[in-house]
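Prediction below, plus the sequence it came from.
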Amino acid sequence: MLPLSFSPPTHESRPHLRASQPTLLAASKTIAAQREAMLAQWSEWLGDRLVPAKTLDRALVERQLGLILDVLATLIGPLRREAKPIWVQVSGHYGRIAAARGLAAGEVVEEMQYLRELLIRYLAPAIAAFRPRQGMALLLRLNRLVDKGVAMAVVGYTDALVTSILPDRQGDAQDKSDGVDEETVRAELDELAEKLLTVSAHHANTG
């Protein structure tokens, strides 16, 4: 008897799952419609963590969560190419502010991972209405986007920690995370929100 051998499927033999435009648009609209409920659930899961550093208040962190949801809704809609760099920026910003909030690296990952559960919970009815292949394709795409967001949040968190321990001009190590104040964070969130609005406005004017 000849020995059995197993080899991983080649790229050509793997099933190619790609979510259709109507599927992505429906998911994007669902996230936008469920935004407030998703934000409330995310905030509830975070609990006491939403009482962060002395210079940041709960409302500001919740605004950051809401912006993440807004960018994600755009990211799976017709403007996904334009929204990709904003997703990288807003995820990295979340990680950087998480360092200022005093979170551990694992907590940063956990908080962003909540986004995956939110998507499954609130998109479940819409996914169930799709054809199985389209529903699976959508889930795979959403997972990739969340994975990218988690990775960039960790990068932002790590960069913030490294910056906080670098010597200042006098050669002394300084905890610069304490220097993150509400006005700075608010201005950064305003800038990110404006970028997202500009992308949407440009599409509306050219569509």
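Cool, the structure landed.

where along the chain do the strands fall?
Using DSSP state E, the chain contains no strands.

max-length helix in it?
In the chain, with assignment by DSSP state H, the single longest helix is helix 132-165.

Flag the shaky bits of the protein, pLDDT-wise.
By pLDDT under 70, the low-scoring segments of the chain are 1-17, 51-55, 167-179, 202-207.

can you give me the helices in it?
Using DSSP H, helices in the chain cover 21-33, 35-46, 58-75, 80-100, 105-129, 132-165, 182-206.

Adding mean neighbour count, write these out as a markdown table.
Every residue, glycine included, has its C-beta placed from N, CA and C. As requested, the helices of the chain are exported to a markdown table (neighbours: other Cβ atoms under 10 Å):
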| stretch | mean neighbour count |
| --- | --- |
| helix 21-33 | 17 |
| helix 35-46 | 16 |
| helix 58-75 | 20 |
| helix 80-100 | 21 |
| helix 105-129 | 16 |
| helix 132-165 | 17 |
| helix 182-206 | 13 |
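
mind listing what the most centrally placed residue in the chain touches?
Centroid-nearest residue in the chain: Gly149, 4.3 Å away (criterion: Cα atoms, centre = their mean). Contacts for Gly149 (Cβ atoms under 8 Å, 6 or more residues apart in numbering) come out as 68, 72, 87, 91, 94, 112, 115.

if you set the cut-off to 7 Å instead, what comes out?
87, 91, 112, 115 (Cβ atoms under 7 Å, 6 or more residues apart in numbering).

Might you report the residue contacts of the second one?
Same thing as Ser91. By Cβ under 7 Å, 6+ apart, Ser91 lies in contact with 149, 152-153.

and the gap between it and Ala126?
24 Å (Cβ to Cβ, to the nearest Å).

so how far is the first residue of stretch 71-79 from its last?
10 Å (Cα to Cα, to the nearest Å).

Distance from that stretch to the middle of the chain?
Chain-centre distance of stretch 71-79: 11 Å, with Cα atoms, centre = their mean, to the nearest Å.

rewinding a little: now the contacts of Gly149 as TSV including distance to Gly102?
Shown next, in TSV, are the contacts of Gly149 (distance: Cβ to Cβ, whole Å):
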residue	distance to Gly102
Trp87	25
Ser91	19
Met112	17
Leu115	21
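
closest to Leu79 among those residues?
Nearest to Leu79 among the contacts of Gly149, counting by Cβ to Cβ, is Trp87 at 11.2 Å.

Run a quick check on the closest one versus Leu75, I expect a contact.
Yes. Contact criterion Cβ atoms under 7 Å: Trp87 and Leu75 qualify, at 5.3 Å.

Just the closest of the contacts of Gly149 to Gln64, please.
The closest of the contacts of Gly149, once distances to Gln64 are taken by Cβ to Cβ, is Ser91, at 10.6 Å.

Could you check how far that closest one is from Leu115?
10 Å.

Kindly report the same for Leu65.
9 Å.

likewise Ile76?
Taking Cβ to Cβ, one finds Ile76 at 13 Å from Leu115.

Same check on Leu197?
If you go by Cβ to Cβ, the gap between Leu197 and Leu115 works out to 22 Å.

and what of Met38?
Distance from Met38 to Leu115, by Cβ to Cβ: 9 Å.
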